[in-house]
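I would like to see how this sequence folds:
(2 chains)
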Amino acid sequence: RIYPLMRVTLTTSDGASVTVSRQLTKHSGFIEKAITDMAVDDNAVPLSAVAVDVDDATLKLVIEWLTEHRDDALPYPEKTDEERRADDIPAWDQAFVQKWDTKEDQQQTLYAVITAADKLDIKGLLDMTCKTLANKINGKTVEEMREILQLECDFTEEELAEIRKENAWCEN
Amino acid sequence: SSRTFSSLSINRSAMDIFSLPADCHREIMRRLTLKDRLRLRLVCRAFEALVAETNAGWFETGSIKRWTTKIRRGRRGSVDGESRLIVRMDDLEVNIAEDGEYRLNRLLQLRTRLFAGISFDYFEIRVNSMDTLDFVIKFITNFKIKNLHFGVDSDIELEISLLIMALFPRCSFTITIDSHADSNKLNSLPPMETIKLFYGCAQISTELFFKLLSTHKHMLLTCEPVSFTSQEWTRAMQIISDDPRTREVRLIAHRLTIQSWLLNFRITQATKARQACDDVNVTHALNDEKEMRLRYKNCWVRISDFDWSNDFCHSTVAMSNSME
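Residues are numbered from 1 along each chain as shown, chains lettered A, B, ... in the order given. Prediction:
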């Protein structure tokens, strides 16, 4: 069912609220389930409020993505085992993610959107952001991976040497 | 009126990749190559553990092959030399001299640190030693394989293939047998998607041919059933025609065998295209490329390299219920 006239107010984890159309929230399994659990009569109740586990800044990005993808077909296609492509991200989505690259906390923004997509159960956004992160890692050197992922090496030199020795079996 | 629904919250400032849900880790990790996984092992302890705990995803092909090199000893022939084991998965290749359990155990150890599971569309196994069987079984544990192919060049390889097939009952199997195999072992093969017998121009018993025909979906034989009669050709076409599945069988047959079969249906050198002879329609008469096409009920037959007058020629007969 589609409810074009019904709107939902989402309250964020940092106290903000935003009202959006059900045309957008229908892509979120979490919000749809929350509304269903409230047993709202769509004709009698023009507005429902749902508290989401996402901060205001991240929710704005999620809503921007949902607005662009409001007409995407539902249900989202089930993924098969064979699906491992990460190079099929639509141009709009690529540009959407690239905008974050100018931010100082770009990696945190990506993690926050991935987490939000997971918590709100927005399969298309989760799929796209996971592919984006996989693409960032793909083909990079160990040092580049540490830099992109903002991780410190916590191995001893001996441990690193042992792993390199094991890996060397596959790199002949 | 309005109602509210509450839940927990994200702490954005303290996030790193390990704060993402496990589902996200799985989604990210299954899109990386195996070489990426090798490098990720070196990033930090947490990634080394994540690489080992996650599924590597789906890949088109992989293989495990073991063979023994031959060392020439002049006129006395050759003796066995070094045995090598080659494992290929995605962009990785391990090529080791198989000189004892130590290297195999190290390889198993690396595999357990590289992924928890992996899927292949097509995986090929060619192993010629029972000593290696235990390693292969351990190595491919937790592999999800759609099409498992076996290359066989000896009875021991066929025996190993049968043992592995029993452990992967959900796979679709194909097998290529390059030398004469024990008939009892051939008879005990589970249903194959495709079986290829490359026996040169040797012969197999008619009983074995029909056993294989009734068991396996597609067959490619470079050998000829012994003393194949016209009735047996008709029986083979009937089996293929009656099968609701797509079937294709190719085999080699001597010119005289085919001629006798064709004449039995009153097909001669003078028979024209679209001419019906008993239950058989000649859809294409013999052409300059020495090819003739027939149809028997729902079985289409293509005879290639056929010559009415050359007593020494062998022809290829392809029978299928999905041709044309």
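
Need the residue closest to the centroid of chain A.
Centroid check for chain A by Cα atoms, centre = their mean gives residue A:114 as the closest residue, at 2.9 Å.

For it, give me its contacts.
A:126, A:129-130, A:133, B:20, B:24 (Cβ atoms under 8 Å, 6 or more residues apart in numbering or on different chains). Using the backbone N, CA and C atoms, a C-beta is placed for each residue, glycine as well.

Look at it and report its pLDDT.
Looking at residue A:114, its pLDDT stands at 95.

Whatever residue of chain A ends up closest to chain B: what secondary structure?
Closest approach between chain A and chain B, counting by Cβ to the nearest Cβ: residue A:13, at 3.1 Å. The assignment at residue A:13 comes out as coil when based on DSSP: H, G, I helix; E, B strand; the rest coil.

What count of nearby residues applies to it?
Residue A:13 has 19 neighbours, counted by other Cβ atoms under 10 Å in any protein chain shown.

now do residue A:25
26.

can you pull the contacts of the spatially closest residue to it that is not a sequence neighbour?
Nearest non-adjacent residue to residue A:25, counting by Cβ to Cβ, 6 or more residues apart in numbering or on different chains: residue A:31, 4.4 Å away. Counting by Cβ under 8 Å, 6+ apart, residue A:31 touches A:8, A:10, A:25, A:50, A:52, A:120.

Quick check: strands, which of those residues are part of them?
Of the contacts of residue A:31, the ones assigned to strands by DSSP state E are A:8, A:10, A:50.

what residues are up against the second one?
Residues counted as contacts of residue A:10 (Cβ under 8 Å, 6+ apart) are A:17-20, A:25, A:31, A:49-52, A:59.

The same query, at a cut-off of 7 Å, please.
A:17-18, A:20, A:50, A:52, A:59 (Cβ atoms under 7 Å, 6 or more residues apart in numbering or on different chains).

Ranking by neighbours, what's the top pick from the residues you listed?
residue A:52 (29 neighbours).

and the nearest residue to that one once chain neighbours are set aside, what are its bridge partners?
In this structure, residue A:52 finds its nearest non-sequential neighbour in residue A:10, 5.1 Å apart by Cβ to Cβ, 6+ apart. Beta-bridge pairing of residue A:10 under DSSP bridges involves residue A:18, residue A:50.

got any ranges where chain A has weak pLDDT?
Judged by pLDDT under 70, chain A has its weakly predicted residues at A:1-5, A:39-47, A:81-82, A:101-104, A:172.

can you pull out the helices in it?
Using DSSP state H, the helices of chain A run over residues A:22-25, A:29-37, A:56-68, A:91-98, A:106-120, A:123-137, A:142-149, A:157-168.

angle of the second one against helix A:106-120?
Put plainly, it is helix A:29-37. Orientation check (axes from the mean of the first three to the mean of the last three Cα atoms, to 10 degrees): helix A:29-37 against helix A:106-120 gives 30 degrees.

Check which residues of helix A:29-37 are buried.
A:30-32, A:34-35 (16 or more other Cβ atoms under 10 Å in any protein chain shown).

again, but for the last one
Burial within helix A:157-168, assessed by neighbour count using 16+ other Cβ under 10 Å, is assigned to A:163, A:166-167.

overlap between those residues and the residues near chain B?
Contacts with chain B within the buried residues of helix A:157-168, as defined by Cβ under 7 Å from any Cβ of the partner chain: A:163, A:166-167.

neighbours of residue B:277, just the number please.
Residue B:277 has 16 nearby residues by other Cβ under 10 Å.

That one touches residue B:265, doesn't it?
Yes. Look at residue B:277 against residue B:265 with Cβ atoms under 7 Å: they come within range, at 4.7 Å.
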